[in-house]
Each structure stands twice: as structure tokens, then as C-alpha cells.
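[1] pasting a predicted model and its sequence here:
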2 protein chains.
Amino acid sequence: MQQLKFTINHHIFSKALSDVGKAVTQKSLIPIFSGIKIIAEDDGITLIGTNTDIIIEKFISISEVDNNGLHIKQTGSAVVSAKSFTELIRKLPEPIQVEAINHQTIKIKSGDIFTQFNGFPAEEYPTLPVIDQSNTIHMDAEDLIDAIKQTVFATAKNETRPVLTGIHFTFSSNKFMAVATDSQRLASIVKEINTTGETSFIVPSSSLNELVKQISDYSGAVEIHSADGYILFKTEKVSLYSRLISGTYPNTSKLIPTEQSTTLFLDRESLVKGIDRACLFAGEWKNNNITLTIQDNKLCISSGSSEIGSIQELQKIKDIDGDFDLKISIDGYFLMDAIKMIKDEDIKMKFNGTMRPIVIESTRGKSSYLHLISPVRSY
Amino acid sequence: MQQLKFTINHHIFSKALSDVGKAVTQKSLIPIFSGIKIIAEDDGITLIGTNTDIIIEKFISISEVDNNGLHIKQTGSAVVSAKSFTELIRKLPEPIQVEAINHQTIKIKSGDIFTQFNGFPAEEYPTLPVIDQSNTIHMDAEDLIDAIKQTVFATAKNETRPVLTGIHFTFSSNKFMAVATDSQRLASIVKEINTTGETSFIVPSSSLNELVKQISDYSGAVEIHSADGYILFKTEKVSLYSRLISGTYPNTSKLIPTEQSTTLFLDRESLVKGIDRACLFAGEWKNNNITLTIQDNKLCISSGSSEIGSIQELQKIKDIDGDFDLKISIDGYFLMDAIKMIKDEDIKMKFNGTMRPIVIESTRGKSSYLHLISPVRSY
């Protein structure tokens, strides 16, 4: 191992360590995975953190740092404890000098403050997976973040069917689709994008939640490289590797009803508040049942619990198309999750009888959003 | 039980329920204690919540509420579940009508929203303790809050010696004193106040923490009524009853050293940051040891852990009086707690050798603050 040595601006180093540390789990069985690998090269510093499910790699380039905030004095690599090293750096006044003085001891100096950290042997840190960069898709960061946020909440929380714990991405000619379902509800987005690749994969929701955090302030294209079992999301400064979920994603298109008996148009804000109130009384049953009915040309939202009490409220229907005879019980929290994602002033909800799913649709720019929620039996 | 009925402004009711609910524990063995008692009288509404250690009583007067925000239509009382009732009220648009329709059912109406709550039988709610109001002390709310905040952190966290889990208040002629100690450190405040009463009592730290929250936006006098085993803190709108801790508080005055070998004057802000950094390496030992020494006319703060590493930093001594030969190990978090309480720009720390407590003193207005921290053995 070479003996790295560099000085760096406190804020930049602290932020990068904290970002990469998000991938690091403290409770790893393998001690070195509780560390962050620091690689000093002539053109900058690379930080790597992993919990074996995801790997985050961040690059701080010499050219990007203003005011001579980064000086590489000696190239090399070291692995330090993510938690305590990051905490210390955050609490040091700048500038910071980092120096590996032997294979496992790292010296940090800042003004009159001298610290010494026990490191891990850098040569034992695993190498990153090699991903074939020929099969690359480019996607706008904003589109990617939107697709994840619009669907990730509908992924399954339990592992009974592993494929459902991820989002299913499909790229075909100039079309991108993301679907998530826990088999009781479904969220999907279809977007027109410029791409030629044809591919599909299932990415774990936890990796995608972390990706959103890592690239939330980034605008520009994200490179997506998929390989057997792995995927890499890459921007100029951040690379996030994730394992893929193997298996066949269910054919969800056939779940979406093609006809409806009633279509309602409702004020989004009032509806969110009404469902929120009804959910207070809905915790008693496994499915957080709330009931929707039409009474006197109004939507009645009701819910009850033998322990707490009951609620019943009437909301104005802005427009209705079809049958007035409607009664359906669904999970109030699932309905709320879906409606919160819609940015339109009005919500368009489609019903097809008591035992068929509710469909909520919306269109924004070149994207179409669809939410589907199955009713629960209420007897 | 009479059948209460009133309408009330949503914000005022919601805030008062939330305040009183702070006293209510969800996990009470006695179901009615998970409720809030609502009493409607001609002049206003009283809300009561308790966890048997403390009771909070809040009064909403008709005269205080602007814009006809409170109408009593029928006096009476009811007990409702603190958690779900408070949550619902918070989510209702105003105005709210509350009506007890039979002994255990409470109807709430707000616009087109109708809810019904299961209540508890109000007659089973315990009556408040009767406290003799002849023995009253008046204390400025600001002084009381300051005294609690300055000392409460030093109370014992474990129950081995119950008296140490409270703050010891002593009132004598025009002098007020508050002391807290966990036997390893001590915080005290002595204040000149206008009072004639002579009394002392030990109040649980948890009750005082809650009192600070309840009266934090109140300025004016707090009435303090103490009785056998109980104490009542009372303002116009809030009454907080607490049990007292029985037992004899140790004589702490003899613990305070009367002489010192070294007095140091240090910059408060730099010291806080330095101790904070040293604490990162101090978690390994039970006592979070950090070591203070004088080196080359500077204060050296150091700490180390065989697992993480070590730190050592030098800070400027602004002034020194006495012996330069100093070395002491103490609990870094205890030192930090004390220094954070001092509002002066400089910290005055007194030492009397390796095995004697550090004393930090400060004076502000008519108040004197003292912190004492015992050293830990460092071999």
C-alpha cells in the first residue's frame, strides 16, 4: 500500500464522507465494511463505501475544488472507520491534512489538533464490480428521480415475493416504464424518453431510495449500466452500484381494468384531508379499511373502530360520469399514498364495482401516471 | 354526569389538548388514565391529564377567547382517549362542536364531518389533590425556568438513590437555591428573590422538565404550593401537580472546595468544541475520560481509545493564576454539560490537584451558578 497524504477543505471532505457513509452499515459482520476507502490519485480523491447490497463511490476532483482546497502530496489508499472518522472531520476546523503513516494508522492534523486513527488494511478492501460500459442508457436525473418517487412506495415491504420488493424498469424504443406493486396496489409511470436500448431489470427499493438522496441536487444525465446481477447509476461525481433482484416480474398490464362503471372527479386537497381523518379510525383492521359511498350526490368517506369510535364525512363531487350506486372499502393509507403523488388540482378516480380495483390516472408533460388499489372485503 | 355541550375554536382546543396530553401515558395499566378529562363550566373549559406522577390542568376561559371562539351550551364533564381525540381535533376544520350524548359517547361535529368517540365514565376519574393554599411562594417564571434548566441535567439518571433523581429547592429569607447532583457532578444556583417563606423540597426531574415546557411562553409569577408529598405550580392557565421525592437531601455545601491550586481562564467557545472532539475518542471507558494538562503554557485536551485512535489538541490559556503543574482526567460529557450552561465569553475553571473536583463558577444578575465535577481515576 502506498502512503497517501493530502490536505483538503473541511466542508467538501465532510460532505463527501457523509454521502458515502450512507451506504455503510455499522453492524457489518465483516469489520472492513464498516469503513470508508479513501484513494488519493493525482487528479483527486475517491471515497468508497458499501454494505454489500450497494456501493457508493464519490470523486472529489482537484479541478472542481476552488481556492486550492485539495492538494495531493502523495498518492495511495487507506480504509478508515466510517462513523468516527466522519464525525471527527465534521468537527475539525479547516484545512485538514490526512496522512497514512503506516499500513493501518492514519494521522489527521488541523491547526493545533492532532489525531490518529486506527485504519483497516486497504489491500483487503474488495474491488468494485466490473461493468461492461457498452450497454449504456442515458436518462435525465429529474426523470429518473420522478419515476422512483412516484412508484417506490408501492413496493412490497415483506420478502415473501422478492421481485415485488423492487421497482421494475423497462426501456424500449423511446419509452421508459417503471412499475411497483405489493400485489394489493400498483403504481406505474410511462414516460417518453430518447433512448435506443431495450432492456429491463428489477432494482431493490432501498437502493433506489438511496440513489434519490445521492443525486437529488444533480441536474443532467445519469448513465445507467446494467450487467448480470448488477446495475450502476453514474453521474460525474457519484457512482452507485446496486445488486439487481433476479426473477421474473409479473405481467402487471393485465391487472389494469379496461372499463369502469363510475368515474369521479374530486378536489385533491379535501380528499387528502378527509382520508387522513378517516384513517384515524381505521387502524383496528389489518387493512386500515375506509369505506367510500355516494350519498345525496356527495362522496361519503367513513370508517370506524369498536375501540375508538367512528367518523363519517361528506365531500362535494365535482363531476361524475356513470353509475351513482357505489360502495367500496379500501385501505385508507394506500389511497392516501396514491393521491399524494398526484399533482393535479382534481383527482380522477375510476370504479368498476365493489370488488374491482380503483384506478387513479394523471398525465404530466410526457409522463403518464397510474395508481391501482384493490378493495378489501368488508364483512 | 351532566351532558356537556360546547363549540370551540379549533386551534385553541387543539393546542390545549396537546399540552395536557403531555402528562398522559399511553401505556397506563388503568385505562381511564390514558384519557383527558374535559369539564365544561359556565366560565370556560378545563382539561386534565395525568400519569399519576404529574397532573396537568389547563383552563380555557370564555373571556380569554376572541371572536366568540368558545360557547358553553351545557355544562358537564367527559373523559376521552387522549391520543386519538387530540389527533382528530388537530385534523378538523373549525369550529368544533363537542357533545356528550350519553355517559360514554362523545359526538364531535365540524362542518360536514361527524364523528363519535367512545369515552370513559367521567365519574371514575380521580379528583385532584387538595393543597393548602396558605403556604404559597411566588416566583418569577423566568427565574424558575432558569433554575431548572441550569441544574436538571445533573440529576441522577438511575434510581439507586431516589433523592438524587430530583432537584432540591430551598427557599429561605429572600434567597432561593436549587441543587442537583448525581454524586459525580453537581450543579447549583443561588438567587436573590423576594420571598418570606422558608421551605425546601425535592421535585422529580421529569416533572420539572415538563413544567419548563408548559410555562416556557409565560411571563409573570408562578404560585408554588407545597403540601405533604405533593407540589403545585400554578399560573393563570396551567396548574401542574407533581409528587415530591421523600427523603433527606445530602448536605452538598461541604462538597464544594474552598481553596484551589490553579485557576484557568479559557475561551468558552473553543473549549466546547475541543471537548466535543475529545469526547469522540472517549466512549471506550465507562466515564468518557478526557485528560486536561498544561503544556508549554497551553491547555492540552487529550483522549484516546484502543479501538478508534487518539486526539490531542492545544488551546490558548487566556489567564492563569497559581500552579502550572496540572493533570486531571474527567468525564468529558459532564464537563461539556456544565460549560454549555455558562453564558460568559470566558470560562473560569478552578483546580485543586489531580484528585479534587473541578469547580466552574459564574455570576449573572442576582444569580450565582456553580458546577462541580469530580475527576475519574485514570490508571
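    Alright, I've got the coordinates. Here the structure is a predicted model, which is why all the values come from computation and not from measurement.
[2] what about the helices in chain A?
    In chain A, the segments counted as helices under DSSP state H are A:10-21, A:82-90, A:141-151, A:205-215, A:268-279, A:332-341.
[3] want to throw the ones you listed into CSV with distance to chain B?
    The C-beta positions use only the backbone N, C-alpha and C, and glycine is treated the same way. Shown next, in CSV, are those (distance: least, C-beta to the nearest C-beta, whole Å):
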stretch, distance to chain B
helix A:10-21, 13
helix A:82-90, 5
helix A:141-151, 25
helix A:205-215, 25
helix A:268-279, 5
helix A:332-341, 13
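[4] tell me which of these sits nearest to residue B:83.
    Evaluated over the helices of chain A, closeness to residue B:83 peaks at helix A:268-279, with 13.9 Å, by C-beta to C-beta.
[5] and the contacts of the closest one?
    Identification of contacts with helix A:268-279 by C-beta atoms under 8 Å, 6 or more residues apart in numbering or on different chains yields A:288, A:290, A:301-303, A:311, A:313, A:315-316, A:332-333, A:335-336, A:339-340, A:342, A:344-347, B:88, B:91-92, B:113, B:115.
[6] any chance of a PyMOL selection covering the buried ones in those residues?
    Entered in PyMOL, the line below selects the buried ones among the contacts of helix A:268-279, by 16 or more other C-beta atoms under 10 Å in any protein chain shown:
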select buried, (chain A and resi 288+290+301+302+303+311+313+315+332+333+335+336+339+342+347) or (chain B and resi 88+91+92+113+115)
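[7] inside strands: which ones of the contacts of helix A:268-279?
    Cross-referencing those against strands under DSSP state E gives A:290, A:301-303, A:311, A:313, A:315-316, A:346-347, B:113, B:115.
[8] of these, which pair is most distant in space?
    Spanning the widest gap among the ones in strands among the contacts of helix A:268-279 are A:346 and B:115, at 26.3 Å by C-beta to C-beta.
[9] check the most centrally placed residue in chain A and give its pLDDT.
    Of all residues in chain A, the one closest to the mean position by C-alpha atoms, centre = their mean is residue A:209, 1.9 Å from it. pLDDT for residue A:209: 97.
[10] and the nearest residue to it once chain neighbours are set aside, what does it touch?
    Of all residues not flanking residue A:209 in the chain, residue A:152 sits nearest, at 6.3 Å (C-beta to C-beta, 6 or more residues apart in numbering or on different chains). Going by C-beta under 8 Å, 6+ apart, residue A:152 touches A:167, A:180, A:205, A:208-209.
[11] could you flag which of the residues you listed are buried?
    A:167, A:180, A:205, A:208.
[12] picking up where we left off before, what is the nearest of the contacts of residue A:152 to residue B:51?
    Proximity of these to residue B:51 (C-beta to C-beta) peaks at residue A:209, which lies at 37.6 Å.
[13] circling back to that earlier point, JSON lines for the ones in strands among the contacts of helix A:268-279, including pLDDT?
    Below are these laid out as JSON lines (pLDDT from 0 to 100):
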{"residue": "A:290", "pLDDT": "93"}
{"residue": "A:301", "pLDDT": "97"}
{"residue": "A:302", "pLDDT": "95"}
{"residue": "A:303", "pLDDT": "94"}
{"residue": "A:311", "pLDDT": "95"}
{"residue": "A:313", "pLDDT": "95"}
{"residue": "A:315", "pLDDT": "95"}
{"residue": "A:316", "pLDDT": "95"}
{"residue": "A:346", "pLDDT": "92"}
{"residue": "A:347", "pLDDT": "93"}
{"residue": "B:113", "pLDDT": "95"}
{"residue": "B:115", "pLDDT": "96"}
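[14] which one of the residues you listed is nearest to residue A:187?
    Relative to residue A:187, and with distances defined as C-beta to C-beta, the nearest of the ones in strands among the contacts of helix A:268-279 is residue A:347, at 14.6 Å.
[15] might one say that the closest one is in contact with residue A:266?
    Yes: look at residue A:347 against residue A:266 with C-beta atoms under 8 Å: they come within range, at 4.9 Å.
[16] need the residues touching each of those two.
    Common neighbours of residue A:347 and residue A:266, counting by C-beta under 8 Å, 6+ apart, are absent.
[17] point out where the stretch 1-150 of chain A drops to low pLDDT.
    Of all residues in the stretch 1-150 of chain A, those with pLDDT under 70 make up the ranges A:1-2, A:66-68.
[18] who in the stretch 251-379 of chain A is up against chain B?
    Counting by C-beta under 8 Å from any C-beta of the partner chain, the stretch 251-379 of chain A comes close to chain B at A:273-274, A:276-277, A:280-281, A:298, A:307-315.
[19] from those, list just the buried residues.
    In these, burial by neighbour count holds for A:273-274, A:277, A:280-281, A:308-315, counting by 16+ other C-beta under 10 Å.
[20] and chain A, split by domain according to the record?
    For chain A, whose domains are defined here by automatic domain parsing, the residue ranges read A:5-124, A:136-253, A:256-373.
[21] tell me the one of the buried ones among the contacts of residue A:152 nearest residue A:27?
    The closest of these, once distances to residue A:27 are taken by C-beta to C-beta, is residue A:205, at 20.4 Å.
[22] do I have it right that that closest one meets residue A:180?
    Yes: with contacts counted by C-beta under 8 Å, residue A:205 reaches residue A:180, the gap being 7.4 Å.
[23] need the residues touching each of those two.
    With C-beta under 8 Å, 6+ apart, residue A:205 and residue A:180 have common neighbours A:152, A:155, A:166-167.
[24] out of those, name the ones that lie in strands.
    A:166-167.
[25] closest one to chain B out of the shared contacts of residue A:205 and residue A:180, please.
    For the shared contacts of residue A:205 and residue A:180, the residue nearest chain B by C-beta to the nearest C-beta is residue A:152; the value is 26.1 Å.
[26] between the helices of chain A, which gets nearest to residue A:221?
    helix A:141-151 (7.1 Å).
[27] next one: the closest one to chain centre, how far?
    8 Å (C-alpha atoms, centre = their mean, to the nearest Å).
[28] and it, which residues are buried?
    Residues of helix A:141-151 classed as buried by neighbour count (16+ other C-beta under 10 Å): A:141, A:143-148, A:150-151.
[29] next one: stretch A:126-142
    Neighbour counts using 16+ other C-beta under 10 Å place A:131, A:137, A:139, A:141 of stretch A:126-142 among the buried residues.
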